[in-house]
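Student: curious how this folds, go ahead:
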Amino acid sequence: MTRFGTSRRWLDPLLAALLTVLGQAEVWSGAVIGGPRSAVAALIAASTVAVAFRRRAPLTVVVVCFGSLAAQSLIGVDANSAFAPFIAAFFAIGSAAYYARRPVLALIVAICLIWPAILVDKGLSPSDLLYAAVLIGLAWSVGWAFAVGRLRAQLAEHQANAAAAQERVQIARELHDVIAHSISVMTLHAGGVRRLLQPGQQEERAALEIVEQTGQHALAELQRVLGALRTPADRPLEVQPGLQRVDELLESARATGMATQLEVEGEPHPLPAGIDLSMYRITQEALTNVLKHARATQVEVRIRYGDGAVRVLVTDDGVPPSPTERHLGHGLLGMRERTALYGGTLEAGPLPGRGFQVAAMIPVPEVTR
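Tutor: Below is the predicted model of the structure:
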């Protein structure tokens, strides 16, 4: 795919065709005043046809279009009588500002091509020279503004992708701790049971030895593959945090004088370690956002068990983030990554009047309920 995509390739030839038809109609209808008609028709055709290549060769198109305007002025064409070549020139300089590798060079080239023609046609006229430069500069500025907007959008997308990738790495590190701990416990239990077997239980002993060996191999593989994601500063979590420690998170909010409330609905039950950890991290990130950005006076955390899922709602009475803050912030990206990992959902948005709410839901496998 080219820089401007395949879906719009037909637009430039269509625009060039329309301008060419318009330009030739102006010439042969007598609307264009001055100059040999056939030469004027050729010059206008060159500039209008060149528009078809304004994205592929923007600097070349600028040279052709503004060179055509200069040549028309030199052979006596009234600059105010032809419309199509001026439209072509404006498209050329605007496109160069957007697509050219050296957009400022395109601006300089356009001005350098048109000023000599003005000097020859009207002499040293500062007002005419300034007027031409301003018109060219305005058309160039429009293209440049769109180019800056595109670059900002690309940068924001890159930052969002980088943040999502970093969050996935962090999730992988944490899951490494969760899974490694679970496999270690399983292997130790299998070994403990094996040592309690009677001497005649050879088949059971062999089966448990296979479980131990499989667990040890799996643990070694996890250390090899996922351990590569760690940095020297990372340390495995000794105790995996979960929803049972949410009240500890609220201590930070209480320390600032904020009113806090924790409600648990439904019958609490053990969750898979990964889900428990993810819900804890989501709650932690939501509370961090409240403390940093919301200017809230109170925050409520509600944990719901039931209907085959676990839900966490974090609600504050602060000022909702602006659209710009919601777009640039990466906290929500991390929360969405965590819920998506387990097939859950995350909804976040302002409340009517004042406040903001984050609502996360992750399904809980039947075997753990």
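
Student: can we go C-alpha only for contacts and neighbour counts from here?
Tutor: Fine.

Student: how about the helices in the stretch 251-369 of the chain?
Tutor: Using DSSP state H, counting those that start in this stretch, the helices found in the stretch 251-369 of the chain span residues 273-289, 323-328, 331-341.

Student: list the helices and strands the helix ranked longest in the chain packs on?
Tutor: Using DSSP state H, we find that the single longest helix of the chain is helix 126-196. With contacts defined as 3 or more CA pairs under 8 Å, 6 or more residues apart in numbering; DSSP states H and E, the packing partners of helix 126-196 are helix 84-99, helix 103-122, helix 202-225, helix 273-289, helix 331-341.

Student: and L119, what is it in contact with?
Tutor: By CA atoms under 8 Å, 6 or more residues apart in numbering, the contact list for L119 reads S125.

Student: do you know how far it is from A132?
Tutor: Here the criterion is CA to CA, to the nearest Å. By it, L119 lies 12 Å from A132.

Student: now L341
Tutor: Between L341 and A132 the computed distance is 59 Å (CA to CA).

Student: likewise for C112?
Tutor: Here the distance between C112 and A132 works out to 11 Å (CA to CA).

Student: what does I210 give?
Tutor: Taking CA to CA, one finds I210 at 85 Å from A132.

Student: those two: who's more crowded?
Tutor: For I210 versus A132, the count of surrounding residues by other CA atoms under 10 Å is larger for A132: 16 against 13.

Student: residues contacting that one?
Tutor: 111, 114-115.

Student: let's see that with 10 Å instead.
Tutor: 110-111, 114-115, 118, 126 (CA atoms under 10 Å, 6 or more residues apart in numbering).

Student: let's see if you can find the most crowded of the residues you listed.
Tutor: A110 (26 neighbours).

Student: how close does that residue get to F53?
Tutor: 17 Å.

Student: so which one among the contacts of A132 has the lowest pLDDT?
Tutor: Lowest pLDDT among these: I118, with 83.

Student: surely it meets A133?
Tutor: No: using CA atoms under 10 Å, I118 makes no contact with A133, being 11.2 Å away.

Student: contacting residues around the nearest residue to E300 once chain neighbours are set aside?
Tutor: Sequence neighbours aside, Q261 is the residue nearest to E300 in space, at 4.7 Å (criterion: CA to CA, 6 or more residues apart in numbering). Contacts for Q261 (CA under 10 Å, 6+ apart) come out as 247, 250, 254, 298-302, 314-315.

Student: in CSV, list the residues you listed along with neighbour count, distance to L19 and pLDDT.
Tutor: As requested, the contacts of Q261 are exported to CSV (neighbours: other CA atoms under 10 Å; distance: CA to CA, whole Å; pLDDT from 0 to 100):
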residue, neighbour count, distance to L19, pLDDT
D247, 13, 69, 90
L250, 22, 66, 89
R254, 14, 68, 86
Q298, 18, 63, 90
V299, 24, 62, 92
E300, 17, 63, 93
V301, 23, 63, 95
R302, 16, 64, 95
V314, 23, 58, 94
T315, 24, 58, 93
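
Student: check the residues you listed and tell me the two furthest apart.
Tutor: Across the contacts of Q261, the longest distance by CA to CA is 16.4 Å; it joins R254 and R302.

Student: how near is the residue nearest in space to the middle of the chain to E267?
Tutor: Against the mean C-alpha coordinate of the chain, by CA atoms, centre = their mean, the closest residue is E157 at 2.1 Å. With the distance defined as CA to CA, E157 ends up 41 Å from E267.

Student: could you do I303 as well?
Tutor: On the measure of CA to CA, I303 and E267 end up 10 Å apart.

Student: what about these two, which has more around it?
Tutor: I303 (21 against 8).

Student: my read: that one touches V310, true?
Tutor: Yes: between I303 and V310 a contact is recorded at 7.3 Å, counting by CA under 10 Å.

Student: now the common contact residues for these two.
Tutor: Counting by CA under 10 Å, 6+ apart, the shared contacts of I303 and V310 are 265-266, 268, 279, 360.

Student: pLDDT value on the residue nearest to E300, please?
Tutor: Reported pLDDT for Q261: 92.

Student: so R304 makes contact with V314?
Tutor: No: applying CA under 10 Å as the test, R304 and V314 come out as separate, 11.6 Å apart.

Student: now do the same contact list for N80.
Tutor: Contacts of N80 by CA under 10 Å, 6+ apart are 32-33, 86.

Student: JSON lines please, covering these and showing neighbour count, distance to R152 and pLDDT.
Tutor: As requested, the contacts of N80 are exported to JSON lines (neighbours: other CA under 10 Å; distance: CA to CA, whole Å; pLDDT from 0 to 100):
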{"residue": "V32", "neighbour count": "22", "distance to R152": "43", "pLDDT": "84"}
{"residue": "I33", "neighbour count": "17", "distance to R152": "45", "pLDDT": "86"}
{"residue": "F86", "neighbour count": "20", "distance to R152": "30", "pLDDT": "90"}
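
Student: which one among those gets closest to F356?
Tutor: Closest approach to F356 among those (CA to CA): F86, at 52.4 Å.

Student: separation between the closest one and A25?
Tutor: To A25, F86 is 15 Å away according to CA to CA.

Student: so where's the protein uncertain?
Tutor: 1-8, 173, 176-178, 180-182, 219, 221-240, 294, 321-330, 366-369 (pLDDT under 70).

Student: I appreciate the help and will end here.
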